[in-house]
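Colleague: what would the 3D arrangement of this be:
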Amino acid sequence: MGSSTTTRNFGIRRFTNLVREGRFRGIESGTELRLGTMVEIDPSDTDRIRQATATAIGAGGDTATDSCGILWYEHDSQTFNSPPFGGAAGQLPQDLDTAPNGRMVQVLSGPGAKVWLRNTDVNTTEPGLFFTNTRAAVNMVEGLGTATPSVTVGELLGWNTAGYWDVTTTASEAFLRVTAVDDDLNTLDAVILH
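Modeller: Residues are numbered from 1 along each chain as shown. This next block holds a predicted model:
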C-alpha cells in the first residue's frame, strides 16, 4: 500500500526520538483534520484530540509543557478501499491526507525527530470513479514558496488557528525549528523541539 509515513503535504524524515503518543480519538464531527496539523488533548474530553487552540500562536500556552503534538493517522486497507477514498479509482495512499472523524489517531512529538511540510497548488488530475478530478490547494506553512517567501532556516514554527504552521518569535509557542527550505518545491524540513 505504500509508505505509512507520508502524504502529499506532510511526512517524517527522521525518526530519532520520535514519540507516537498512545491512541486518542479524533475529532467527533466537522471537517476532518489534515495529517501534520498541530493538535492538543481536548480538555473537555481527555480521550480526544482537537486542533491546537490553547497552544496556538497568541493563545498563551506553552508547547513544551502542554499536551500537544502533530496529528498522525495510519490508513489501513479498509479505509483505503472504501468508496469515499476511491481505492480502486486510482488514488494513492498519499491522497489519504486527513484523519477520519472519530477514529483512533496518534500524536507525534520528540525532540530531534524531523518532519517535512509542503504547500501544494490546485491540481487537476484525470477523474476517477469515486473522487473529484480537482485536488484543492493546501497551505501547510504560511510564507513558504510564495511570490515573496518569508520562511528561512533557523526560524521557529508554531500553529496558527487559521489551520497552518506559521513563523513565531515566541519560544513557548514554537513546536518546530526550520532546518531546510526549498521555495521552488514549496517544501521545508523542520525538527521537533520537544
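
Colleague: any regions of this protein where pLDDT drops low?
Modeller: Applying pLDDT under 70 to the chain flags the ranges 1-5, 76-94, 124-133.

Colleague: spatially central residue for it, please.
Modeller: Centroid-nearest residue in the chain: residue 36, 1.0 Å away (criterion: CA atoms, centre = their mean).

Colleague: disregarding residues adjacent in the polypeptide, which is nearest to that one?
Modeller: Distance criterion CB to CB, 6 or more residues apart in numbering; nearest residue to residue 36, sequence neighbours excluded, is residue 10 at 2.9 Å. C-beta: built from backbone N, CA, C; applies to glycine.

Colleague: tell me the phi and psi of that neighbour?
Modeller: Main-chain dihedrals, residue 10, degrees, to the nearest 10: phi -150, psi 140.

Colleague: next one: it from residue 74, what distance?
Modeller: Taking CB to CB, to the nearest Å as the measure, residue 10 falls 13 Å from residue 74.

Colleague: so which of the two has more stuff around it?
Modeller: residue 10 (22 against 16; other CB atoms under 10 Å).

Colleague: on the three-state scheme, residue 107 is what?
Modeller: strand (DSSP: H, G, I helix; E, B strand; the rest coil).

Colleague: which residue is the nearest non-sequential neighbour of it?
Modeller: residue 69 (3.7 Å).

Colleague: ok, what's across the strand from the one you found?
Modeller: residue 39 (DSSP bridges).

Colleague: which residue ranges of the chain form helices?
Modeller: Assigned by DSSP state H, the helices in the chain fall at 77-81.

Colleague: on that earlier part again, the residue nearest to residue 107 and residue 108 touch, don't they?
Modeller: Yes - with contacts counted by CB atoms under 8 Å, residue 69 reaches residue 108, the gap being 5.1 Å.

Colleague: identify the contacts common to the two.
Modeller: 19, 21 (CB atoms under 8 Å, 6 or more residues apart in numbering).

Colleague: looking at these two, which has the bigger crowd around it?
Modeller: Just comparing residue 69 and residue 108: by other CB under 10 Å the higher neighbour count belongs to residue 69, 25 against 21.

Colleague: the more buried one: what's it in contact with?
Modeller: By CB under 8 Å, 6+ apart, residue 69 lies in contact with 19, 21, 38, 39, 40, 107, 108, 109, 175.
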